[in-house]
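Asker: Compute the structure for the input listed below.
(2 chains)
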Amino acid sequence: KQEVTQIPAALSVPEGENLVLNCSFTDSAIYNLQWFRQDPGKGLTSLLLIQSSQREQTSGRLNASLDKSSGRSTLYIAASQPGDSATYLCAVLAAGNKLTFGGGTRVLVKP
Amino acid sequence: DTAVSQTPKYLVTQMGNDKSIKCEQNLGHDTMYWYKQDSKKFLKIMFSYNNKELIINETVPNRFSPKSPDKAHLNLHINSLELGDSAVYFCASSQGGGGGDGYTFGSGTRLTVV
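Answerer: Residues are numbered from 1 along each chain as shown, chains lettered A, B, ... in the order given. Sure, this is the predicted structure:
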């Protein structure tokens, strides 16, 4: 059974600092990994999607890496801004077309 | 706007009532899902439908009955609501199993059972 863990559960940084969010999964037989952002009381916004054959994806200040063999992904957010404050969720898609989510990392960027 | 739309956004109801949540996607996806996010913020799949056919049912109580009139709609009907059903319910869609462009989620329906 696939399990996804995100560490840390919460993170508070001053504005301008780089953010590093970690995601690990137990079964490396995945199709892809997707990072989402969730604002309080809101839905999920897809940030980056990494296929199992890819090592990383970049979008603006966001960069996500994937090491499938070790079951890890890292989301980097450069030069954090207060608007980056949200909960970040990673999810892996595996056999049976099931998307399994981690518990999320709650990020606070202080001005 | 291309999106996954859910209604209502908020739903407050008494125990024992029956309620429905509607979901529509205009992305042309052939697979739709219902996810439940509990008080601890964990998201877990409940159902998956592909072209109106049930693909995944994750041991959800049979008080929950999804209905897919066509591949662009997946509604969730809940009978005899219980306090433990209080959660945020998210609808999502993908093309195929999501291996291509990933999943797109709706904005959620916050259900409160009192």
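Asker: can you tell me how far residue A:50 sits from chain B?
Answerer: Distance from residue A:50 to chain B, counting by Cβ to the nearest Cβ, to the nearest Å: 9 Å. For every residue, glycine as well, the C-beta is placed using N, CA and C.
Asker: actually residue A:98, not the one I typed
Answerer: 6 Å.
Asker: need the contact list for that residue.
Answerer: Applying Cβ atoms under 8 Å, 6 or more residues apart in numbering or on different chains to residue A:98 gives the contacts A:2, B:45, B:48, B:56.
Asker: for residue B:69, same thing?
Answerer: B:52, B:75.
Asker: In which helix or strand does it reside?
Answerer: Using DSSP states H and E, residue B:69 sits within strand B:64-70.
Asker: Can you give me the buried ones in whichever helix or strand comes after that strand?
Answerer: As assigned by DSSP H and E, the chain's next helix or strand after strand B:64-70 is strand B:73-78. For strand B:73-78, burial by neighbour count (16 or more other Cβ atoms under 10 Å in any protein chain shown) applies to B:73-76, B:78.
Asker: circling back to that earlier point, relative orientation of the strand holding residue B:69 and strand B:73-78 in degrees?
Answerer: Interaxial angle of strand B:64-70 relative to strand B:73-78 (axes from the mean of the first three to the mean of the last three Cα atoms, to 10 degrees): 160 degrees.
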